[in-house]
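Visitor: Build me a structure from this.
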Amino acid sequence: MDITVHNHDVHLTPELRTHIDERLAHALDRFDSHIHSLHVKLRDLNGPKGGEDMQCQIAVKLHHPSGDVHIDERGDDAFAVVSRAADRTATAVSRELGKHKRGVGGG
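Guide: All right, here's what the predicted structure looks like:
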């Protein structure tokens, strides 16, 4: 699974990049054949001020026409935010693929 990561004001350490790759691969592996592209944006919204300012946005483009999934998760720890966003993305992709399957099946 090819994951494009963009970071804004977040130091993307090798550990954080590995965490992103592993969490998304674990969460989305079963949907790999349905995923056209996967983009992750990490931002530190408040800079050095602190607080719940870490933002992880995940955009998944699925192969079928209506298949776009967008997740926005925020918190104070980049690793935790990525984990929650990955879990939410898996749920949203599953739901989107289920809608498409039901639509194709006529039900």
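Visitor: what comes up buried for the longest helix along the chain?
Guide: Longest helix in the chain by number of residues, with DSSP state H as the criterion: helix 78-104. Buried residues in helix 78-104, counted by 16 or more other CB atoms under 10 Å: 78, 81-86, 88-90, 92-93, 96-97, 100. Any C-beta I mention is one placed from the backbone N, CA and C, and that applies to glycine too.
Visitor: Closest one of these to His8?
Guide: The closest of these to His8 turns out to be Ala78 (CB to CB; 12.1 Å).
Visitor: Nearest residue to that closest one in space, ignoring adjacent ones along the chain?
Guide: Ranked by CB to CB, 6 or more residues apart in numbering and with sequence neighbours excluded, the top spatial neighbour of Ala78 is Met54, at 5.0 Å.
Visitor: Touching, that neighbour and Val81? I think so.
Guide: Yes: at 4.8 Å, Met54 counts as touching Val81 under the criterion of CB atoms under 8 Å.
Visitor: Spell out which residues are contacts of both of those two.
Guide: Arg74, Gly75 (CB atoms under 8 Å, 6 or more residues apart in numbering).
Visitor: show me the contacts for His26.
Guide: His26 is in contact with Ala86, counting by CB under 8 Å, 6+ apart.
Visitor: Please identify which helix or strand holds it.
Guide: Following DSSP states H and E, one finds His26 within helix 14-28.
Visitor: now do Ala59
Guide: For Ala59, the element it lies in under DSSP H and E is strand 54-62.
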